[in-house]
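>>> no sequence for this one, just the structure:
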């Protein structure tokens, strides 16, 4: 069914058909275009170290309760949970700030924000608290 379509192409029921070599070339080109459009994310060793330093500071905080989906957790348990979330998301993140903003501040299941209850202080969202801890972790003394 070749009718003026050029070498290697044919029409069958209104759909162009390509010769196997052209099809492979076309598929390779489409694959390359898709791959180049995908951003390359992955926490660098430096960024992951910043997150881990922040979590180390968090787990030392015996004066707070971490509230996740309505349940209260110790700072040690919260840090362990956030380490688990880090292990599952590190390939999709670029920075430690992204980890805090997109992963560590809310539930991936319910979407509800995590909360912090510090002794003698009102309940607060975890996000600004974790952002501050991340800043502290970046200081030379870790304070």
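Arrived safely. Predicted, not measured: the structure shown is a model, and the values here were computed from it. Residues are numbered from 1 along each chain as shown.
>>> look at residue 6 and report its pLDDT.
As predicted, residue 6 sits at a pLDDT of 53.
>>> before we move on, what SS does the residue nearest to residue 129 when sequence neighbours are not counted have?
If the residues on either side of it in the chain are set aside, residue 129 comes closest to residue 116, at 4.7 Å by Cβ to Cβ, 6 or more residues apart in numbering. The C-beta positions use only the backbone N, C-alpha and C, and glycine is treated the same way. Using DSSP: H, G, I helix; E, B strand; the rest coil, the secondary structure recorded for residue 116 is strand.
>>> likewise residue 94?
coil.
>>> tell me where the model's unsure across the chain.
1-41, 140-143 (pLDDT under 70).
>>> which parts of it are helices?
Using DSSP state H, the helices assigned to the chain run over residues 20-37, 45-59, 75-89, 96-98, 126-138.
>>> can you put those helices in TSV and add distance to residue 106 and mean neighbour count?
Converted to TSV, those look like this (distance: least, Cβ to Cβ, whole Å; neighbours: other Cβ atoms under 10 Å):
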stretch	distance to residue 106	mean neighbour count
helix 20-37	28	10
helix 45-59	16	18
helix 75-89	10	16
helix 96-98	13	19
helix 126-138	8	18
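>>> any chance of those in TSV, with distance to residue 108 too?
Listed next are these as TSV, based on distance: least, Cβ to Cβ, whole Å:
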stretch	distance to residue 108
helix 20-37	25
helix 45-59	16
helix 75-89	7
helix 96-98	14
helix 126-138	14
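>>> residue 112: which of those helices is closest?
Closest approach to residue 112 among these (Cβ to Cβ): helix 126-138, 10.7 Å.
>>> so what secondary structure elements neighbour that closest one?
Secondary-structure packing of helix 126-138 (3 or more Cβ pairs under 8 Å, 6 or more residues apart in numbering; DSSP states H and E): helix 45-59, helix 96-98, strand 115-118.
>>> nearest spatial neighbour of residue 108, skipping sequence neighbours?
Sequence neighbours aside, residue 85 is the residue nearest to residue 108 in space, at 7.3 Å (criterion: Cβ to Cβ, 6+ apart).
>>> pull the contacting residues for that neighbour.
103-104, 108 (Cβ atoms under 8 Å, 6 or more residues apart in numbering).
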